[in-house]
Structure formats: C-alpha cells, structure tokens
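Visitor: Quick one: sequence plus predicted model below, questions after.
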Amino acid sequence: MLNHKNSREISVIAAILFCFCAFKINAETTPEPENYRTSDYRGSVPDTVSGAQVIDSPATLKSMIDTEDPVLIDVYPAPNKPDDLAPGTLWIEPSRDTLPGALWLANTGHGILPDNLITLLQTYLPDDRPVVIFCEPRCWHSWNAAKRAVELGAKNVYWYRNGVTGWNEAGYPLETHTPVRQ
C-alpha cells in the first residue's frame, strides 16, 4: 500500500531521474564538423564556429547593429532562374522578409558551392566592419557560410544562431528583400 512517506520518496526519486535526463539532453551537443554540412541542412547545429564569434540573442544583435554597423548577410536558400526558361516566360524573383539592411546572398550557405557563389560571398565580406551571418534557427546554411567567411579571410565574423525567426519573435522589424545575384 502506498502511504504518504512512500509517495514522497517516489516523488523525490522521479525528480532526481528527471534532472538526470534533462541534464543528459542539455549536455548533448552537436560537434563542429571538420568540413561543411552538405545535406540535411535543418537540424541540431554546433554551438560554435571555429574562428567566428556566436551571437545567441536578438538583443545582443540589435545592440551590435546600433553600435558597430555590421554587414548583415542572410544566406537562406532560394531558387535560381532556370537556365532553360523559354524566352518570354515570366520569372518572378523570390522575396523574403529579413533583417532591415541585410543582404540576402541566397544559397551561399550550401556545403558545396560553385565559384560564382564563393565570389558573391567574398565580394560582400568587409575588411573594416564586422559581418553577421544568419539564416534561420537550427540551420546549417548559416553555419557553413560563417565557416566559409572565416576561411575566405574575413577577420570579424559573427554567426547569429537565432536567425530571422528569432529576430522577429523578439519583436524586431523585418523588411522584404530579393536575393543579391551576380
């Protein structure tokens, strides 16, 4: 028979087990891979990018924007105009709501990039200002692009993990952009 003392002991044991389980879940992190992620771009991402700094809160990013005037690069993917589009066929460039003043360098966060997209990213990496690279939460595109920016020689790279969704959920404004193309 379950009495008050047994019930209390079971509650304490359950609480301890819950804490251990929660700790295990929180302690599991995604390690930084040696190379770029080339598939399954939405999922658990590392906590860091070697050579870059991480911005974990919209308020921290807002403060940085207000004081340091960083270049903001959104790397969210977007379709390209098909090469074989019949002449006269209407092509409507995709649009996206993103951070005000951001450059949308679509597809520059893929793991394998053609030379023209590497050049596009490199063109917008500043020498004299910080650069903040973002996409969406749990998005490997932004991690890849931040890693690539560091490898391309950018000196002051920041990875904003919360992405556009995190910015918007914090109540900050968005504006509509189309991708920067070469």
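Guide: It's in.
Visitor: helices and strands around whichever strand or helix holds residue 66, which ones?
Guide: Assigned by DSSP states H and E, residue 66 belongs to helix 58-68. With contacts taken as 3 or more CB pairs under 8 Å, 6 or more residues apart in numbering; DSSP states H and E, helix 58-68 sits against helix 163-169. For every residue, glycine as well, the C-beta is placed using N, CA and C.
Visitor: which is the next helix or strand following the helix-or-strand element of the chain with minimal mean pLDDT?
Guide: Counting by mean pLDDT, DSSP states H and E, the weakest-scoring helix or strand in the chain turns out to be helix 4-27, with a mean of 50. Sequence order places strand 53-55 as the next helix or strand after helix 4-27, per DSSP H and E.
Visitor: For that next one, give me every contacting residue.
Guide: Strand 53-55 is contacted from outside by 47, 48, 61, 64, 132, 157, 158, 159, 160, 161, 162, using CB atoms under 8 Å, 6 or more residues apart in numbering.
Visitor: Same check on stretch 155-174?
Guide: 45, 49, 51-59, 61-62, 64, 70, 74, 76, 96-100, 127, 129-137, 139, 142-143, 146, 149-150.
Visitor: In PyMOL, select just the buried ones from these.
Guide: Those of the contacts of stretch 155-174 that count as buried under 16 or more other CB atoms under 10 Å are selected in PyMOL with:
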select buried, resi 45+49+52+55+58+61+62+64+70+74+76+96+98+99+130+131+132+133+134+135+136+137+139+142+143+146+149+150
